[in-house]
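would you be able to build a 3D model of this:
(one chain, ligands or ions: 1)
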Amino acid sequence: MELVKKKEDCCGCRTCEKVCPKDAIRMEEDLCGFLYPKIDPDKCVDCGLCLQKCAFQSGYQKRKEYDPFYAYGVRHKKEAVYMDSRSGGVFTALSDHILRRSGVVYGAGPDREKGIFYIRHEEADTEEGRNRFRGSKYVQSDLNDVFPEVKKRLDEGRTVLFTGTGCQVGALYAYLPRGYDNLYTLDLVCYGVMSQKLWVDFLHMREKEKGGKVETAEFRDKKTCGWKAHRETVVIDGKPYTTRIFAKLFGGKWIRPSCFSCIYTNKERVGDITLADFWGHEDAIPGMWDDDKGISLILVNTSRGRELWEAAKDEVDYVDVTTYPFRHSRMRTPTKKPDTYDAFWMDYEKEGFAFCAEKYAGHKMKARGGGGPEREEGLARKFIKRLLGRI
Ligand SMILES: Cc1cc2nc3c(=O)[nH]c(=O)nc-3n(C[C@H](O)[C@H](O)[C@H](O)COP(=O)(O)OP(=O)(O)OC[C@H]3O[C@@H](n4cnc5c(N)ncnc54)[C@H](O)[C@@H]3O)c2cc1C
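Numbers count the residues shown, from 1 in each chain. Sure thing, here's the model as predicted:
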């Protein structure tokens, strides 16, 4: 049985792996660092459940109840909260309500052991745990075993808030065997996700350049550069370094192939509430919160979303923008594949990350100890030769 005919058909959500009754599916990383399912033909019994449950190929359940949806421009009342969040910090207000009800929140954060080198979805039932999910990480968060865990919590009767990209939220609904009254979901307006492999290569390159160890990093550093600018900050041995290398690669659209045919980039939202940056706020709410510190846009799509919003809205300042025509391209069409897409990945495979950072993001690598990019590549070649020699 062929599960993924072309890469555009798979968003890497792991649903097929988790629903397979024969445990015949494993996720494997491709050369670009994206996960794809691989079927073990000796175990597969051709039952077809994997394809049936694949929301990306079979379509997702439309959940929007309101047309138009209720829309609000939002900012958390506490500056410390919205400055720590990507947009206006509405995620914190909504998830606080779930935590107060002794519920659990699922989101994307740095792994507890590997830190910022590995972004994964996990569960939080405390504020401290939930705060790890704040801020947008522009790589694909690994869902790991989260879907079975969510189901377990729902079956136990716990209130669950699941947050993620449209494809992750759609996949969760496809995975669950039935509807649950104790489940709330937040989806994100999403441009696309890069691979964790590129991010890790980037961090290792910075370590070489600065001669130290990465402690933490922000994919988009609002505190240093403002909400609208796109620059990453990496902290190495206690010192922050702000650059525009990874941001340029993200802007260059070397994202997951399925993002170019994403079925969720429209107004038929899949979550109870949709979160976004409030681009276009200058025209919709002129003069309001015009300080480059971040504003959230939320779309309330279902009655369940409405219930959650009503319970959380006292924590935030907000303005009704239901009649405002949103400019978000990712609520109309998927991101367009760039002409240079294949060339980038060929260069990456052949020449490595530092080469691509220079060619596609204009960054000349300066390794500590006097090496430039040529020296780095030369060292890599020598290392491979030595390795092959040994084999
Ligand atoms: C990959 C990505 C692309 C985005 N593209 C756009 C866009 O094109 N236009 C737009 O208007 N908004 C986009 N957003 C949404 C926006 O950046 C904010 O996430 C959103 O406005 C919420 O902000 P906040 O201040 O309420 O939340 P914050 O407190 O910053 O919370 C962040 C929330 O995002 C989740 N999250 C963070 N990283 C990931 C990830 N890698 N995968 C899944 N979930 C994640 C967390 O679990 C948490 O629920 C994107 C977000 C991501 C993660």
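
how is the chain carved up into domains?
7-58, 70-193+255-331, 196-254+339-390 (automatic domain parsing).

hmm, the last one in reach of the ligand?
No. If you take C-beta under 6 Å from any ligand atom as the test, domain 196-254+339-390 misses the ligand, and the best it gets is 7.8 Å. For glycine as for every other residue, the C-beta is placed from the backbone atoms N, C-alpha and C.

related to what we said a few turns ago, reformat the domains of the chain as JSON lines; add mean pLDDT and distance to Lys64.
Listed next are the domains of the chain as JSON lines, based on pLDDT from 0 to 100; distance: least, C-beta to C-beta, whole Å:
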{"stretch": "domain 7-58", "mean pLDDT": "97", "distance to Lys64": "16"}
{"stretch": "domain 70-193+255-331", "mean pLDDT": "97", "distance to Lys64": "5"}
{"stretch": "domain 196-254+339-390", "mean pLDDT": "86", "distance to Lys64": "28"}
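
next, format those domains as CSV and append distance to Met1 and mean neighbour count.
Formatted as CSV, those follow (distance: least, C-beta to C-beta, whole Å; neighbours: other C-beta atoms under 10 Å):
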stretch, distance to Met1, mean neighbour count
domain 7-58, 5, 17
domain 70-193+255-331, 18, 19
domain 196-254+339-390, 27, 16
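
what residues does the stretch 51-200 of the chain put near the ligand?
Counting by C-beta under 6 Å from any ligand atom, the positions of the stretch 51-200 of the chain adjacent to the ligand are 85-92, 107-108, 119, 133-139, 141, 163-165, 188-191, 193.

need the helices for the stretch 251-391 of the chain, in chain order.
Under the criterion DSSP state H, counting those that start in this stretch, the stretch 251-391 of the chain contains helices at 281-284, 303-312, 341-351, 353-361, 373-390.

can I get the CA coordinates of the third one in PDB?
Taking C-alpha atoms only, helix 341-351 is exported to PDB below (Å, rounded to 0.1, in the frame of the first residue of the first chain):
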ATOM      1  CA  TYR A 341      13.000  25.600  -3.900                       C
ATOM      2  CA  ASP A 342      14.600  22.500  -5.500                       C
ATOM      3  CA  ALA A 343      17.900  24.300  -6.100                       C
ATOM      4  CA  PHE A 344      18.100  25.200  -2.400                       C
ATOM      5  CA  TRP A 345      17.600  21.600  -1.300                       C
ATOM      6  CA  MET A 346      20.100  20.400  -3.800                       C
ATOM      7  CA  ASP A 347      22.700  22.900  -2.500                       C
ATOM      8  CA  TYR A 348      21.900  21.900   1.000                       C
ATOM      9  CA  GLU A 349      22.400  18.200   0.300                       C
ATOM     10  CA  LYS A 350      25.600  18.800  -1.600                       C
ATOM     11  CA  GLU A 351      27.200  21.700   0.100                       C
END
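
next, the angle helix 353-361 makes with that helix.
Helix 341-351 and helix 353-361 are oriented at 150 degrees to each other (axes from the mean of the first three to the mean of the last three C-alpha atoms, to 10 degrees).
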